[in-house]
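*Asks:* quick one: sequence and predicted model below, then my questions.
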Amino acid sequence: YQKIQVEQRASTPLNRTLHYYPIYKDEHLVVVNKPNRILCVPGPRRNPSLANLVHGICFGSEDNEYYNVDKMVIHRLDMDTSGVVAYALSERALSILHDDFRHRQVKKTYQALVCGHIPIAEGEIDLPLERDPLHPPFMRIAVGNDNNNNNVGGGDNENGGNSSTTVVHEGFQKFIQQAPKPSLTTFRVLSWEYMSSCRLPVTRVELTPYTGRTHQLRVHCAGMGHPIVGDDIYGYFGEGAPNAGLDNHVMNELYPQRCNETVQKRIYDVVQSTNQALCLHAKQLYIHHPISRAPMVFEADPPF
C-alpha cells in the first residue's frame with residue numbers, strides 16, 4: 001500500500017502555483033524551496049519532478065534542446081524531504097558546483113522532528129552505512145559480516161518492522177556487495193516539544209551531515225533510537241529494518257533512554273490519521289556562487 005501511494009505521488013503532474021517557490025535566480029543558478037512528496041529529479045522512470053518544472057519555467061520548455069534537465073542537477077533531496085535545493089542554469093555552473101560538492105566546499109543543515117526527547121543537547125552520530133540485503137534498496141547501519149545478515153533487527157522485531165528472511169534482488173547485488181561507508185552526522189537540539197493534544201514527546205533537532213550517504217539522516221536518527229516523525233521506511237512499522245539494522249539488545253545498551261516502542265506507535269498512529277509528511281527539511285544551504293565565487297547562504301523555514 002505504501003509503495004502504491006509513493007508511485008501515485010511520483011506520477012502526479014506538478015504546476016507552478018503549488019510547487020514552485022523560488023528563493024534566488026540569476027543566469028547561472030536557481031535556488032528553490034522544494035515541497036515534500038515530490039521528486040527532486042526525474043529518476044529512471046522520468047516521472048514529473050521539480051527539476052522539470054524549474055526547467056520549463058527558466059527555459060520556456062521542458063524539452064529545450066539547448067539545455068536539458070539532467071544538466072541542471074547539482075544535488076538532490078529525497079522525495080519526502082522538503083527544503084532548499086539548487087539547480088544549475090549553465091554548464092559552467094554545473095561543473096563548478098559539482099566540484100564544490102565533491103570536495104565538500106558546501107555546507108547543508110537540516111531540521112527534523114524526531115520521536116521522543118533526545119536526552120542530550122548535542123552530539124555526533126558516527127556510524128557506517130551499507131545497503132540492507134534484507135530490505136533492498138534501503139540502507140542500514142553496518143553490522144559486520146558475522147552472520148548477522150539473516151537476523152537484522154533482532155529476534156523480537158521491536159518497532160513493528162518487517163521480520164522477513166533474506167530477500168536479495170538481482171538488480172541490487174552490486175550495491176549490497178559494496179563495502180560499508182563511513183558516515184558522520186552531528187546534531188543539536190533546538191527544542192523539546194510535544195506533538196498533538198496527546199502530549200507525545202518529540203525533539204526539534206538541527207542535523208548536519210558531513211558525508212552524503214543515501215538516507216543518511218533518516219538511518220542515523222533511527223539508529224540512535226529516535227526515528228524522524230513520519231518516516232515510513234526507518235520509523236515504526238517502516239519498510240526498512242527496525243532500529244536501522246541494530247539488534248534490540250545493542251540498542252538497549254547504547255541508547256537506554258531511546259524512544260520506546262509504545263511512544264513510537266502512538267506517534268505513528270497520529271501521523272497516519274493526519275497524513276503527516278516526513279518531518280525532515282533542508283533548512284540552509286551554504287555555497288559559493290559558481291561564477292563570482294561570492295559566499296551565499298539560502299534558507300527556508302520548515303513546514304512543521
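*Replies:* Here it is on my side, so go on.
*Asks:* show me where the stretch 1-150 of the chain has its helices.
*Replies:* For the stretch 1-150 of the chain, helices defined by DSSP state H, counting those that start in this stretch occupy the ranges 2-10, 16-19, 50-59, 91-102.
*Asks:* okay, the last one in PDB with CA atoms only?
*Replies:* By that I understand helix 91-102. Coordinates of each C-alpha in helix 91-102 appear next as PDB, following Å, rounded to 0.1, in the frame of the first residue of the first chain:
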ATOM      1  CA  GLU A  91      27.200  24.000 -18.000                       C
ATOM      2  CA  ARG A  92      29.900  26.100 -16.400                       C
ATOM      3  CA  ALA A  93      27.900  26.500 -13.200                       C
ATOM      4  CA  LEU A  94      27.100  22.800 -13.200                       C
ATOM      5  CA  SER A  95      30.800  21.800 -13.500                       C
ATOM      6  CA  ILE A  96      32.000  24.200 -10.800                       C
ATOM      7  CA  LEU A  97      29.200  23.300  -8.300                       C
ATOM      8  CA  HIS A  98      29.700  19.600  -8.900                       C
ATOM      9  CA  ASP A  99      33.400  20.100  -7.900                       C
ATOM     10  CA  ASP A 100      32.400  22.100  -4.800                       C
ATOM     11  CA  PHE A 101      30.000  19.400  -3.600                       C
ATOM     12  CA  ARG A 102      32.600  16.700  -4.400                       C
END
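*Asks:* separation between I96 and A282?
*Replies:* When distance is defined by CB to CB, to the nearest Å, I96 is 21 Å away from A282. For the C-beta atoms, the positions are set from N, CA and C on the backbone; glycine is no exception.
*Asks:* hmm, back to that, same list, the helices of the stretch 1-150 of the chain, but as JSON lines with mean neighbour count, mean pLDDT and distance to A121 please.
*Replies:* Shown next, in JSON lines, are these (neighbours: other CB atoms under 10 Å; pLDDT from 0 to 100; distance: least, CB to CB, whole Å):
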{"stretch": "helix 2-10", "mean neighbour count": "12", "mean pLDDT": "67", "distance to A121": "34"}
{"stretch": "helix 16-19", "mean neighbour count": "12", "mean pLDDT": "96", "distance to A121": "36"}
{"stretch": "helix 50-59", "mean neighbour count": "20", "mean pLDDT": "94", "distance to A121": "35"}
{"stretch": "helix 91-102", "mean neighbour count": "16", "mean pLDDT": "96", "distance to A121": "30"}
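*Asks:* no further queries at this time; thank you.
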